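> Following is a predicted model, sequence given first.
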Amino acid sequence: MSSKLMSAIVTTCATLGFALASLPADARPITPAERRQQPYTGDLPACHDAALLQRISSRFVKAEKEYWSSGLEILGYEKVRETAYRSNGLDYIPRRYCHATAVMNDGKVRQVVYAIAESQSIIGFGPGVEWCIVGLDRNYAWGRSCTAARP
């Protein structure tokens with residue numbers, strides 16, 4: 001194969017590649033979660049829901065005792081606030097993102113980041129909650145400063 005022919009092929013391929021890359025990508029259709037065959041309602045408990053905060057507290061105590069051999073407990077919550085609602089988009093599982101300050105039994109206050117997701121509890125009954133306490137995610141399961149638990 002001559003170098004002239006090879007150069008023409010490379011130029012054609014490069015031109016075609018640039019042309020394809022400049023075309024707009026087709027966006028996938030967005031079907032809101034409420035209009036699916038098995039729809040979500042979008043009704044989620046508020047960030048300050050007592051049962052939800054108690055679930056975080058009890059799971060925290062259990063994890064601290066079983067995995068970290070620690071006696072840490074959450075005594076209460078302050079400054080509970082919502083940081084985002086359905087920020088992932090209308091066609092995803094509805095989630096409410098929250099932030100609170102936890103008062104601990106060691107005298108310290110720590111930030112708690114949590115997300116409430118519709119129908120994500122055991123076997124899909126009721127809202128599920130995923131949480132992370134900044135500074136106590138010892139194996140960085142949620143990333144530095146609990147970034148994976150945030151919107």
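Arrived safely.
> Which residue ranges make up each domain of the chain?
As given by automatic domain parsing, the domain ranges for the chain are 3-34, 40-149.
> Ends of the last one, what's the gap?
Think domain 40-149. 21 Å (C-alpha to C-alpha, to the nearest Å).
> now the strands for the chain?
Secondary structure of the chain (DSSP state E): strands at 74-85, 95-104, 109-117, 128-133.
> Report the mean per-residue pLDDT for the shortest one.
Meaning strand 128-133. In this model, strand 128-133 has a mean pLDDT of 91.
> same for that strand, what does it pack against?
In terms of contacts (3 or more C-beta pairs under 8 Å, 6 or more residues apart in numbering; DSSP states H and E), strand 128-133 is packed against helix 50-67, strand 109-117. Every residue, glycine included, has its C-beta placed from N, CA and C.
> Point out where the chain drops to low pLDDT.
1-29, 31, 33-37, 124 (pLDDT under 70).
> thinking again about what came up before, make JSON lines from the helices and strands packed on strand 128-133 and add mean neighbour count and distance to Arg81 to it.
Formatted as JSON lines, the helices and strands packed on strand 128-133 follow (neighbours: other C-beta atoms under 10 Å; distance: least, C-beta to C-beta, whole Å):
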{"stretch": "helix 50-67", "mean neighbour count": "15", "distance to Arg81": "13"}
{"stretch": "strand 109-117", "mean neighbour count": "20", "distance to Arg81": "11"}
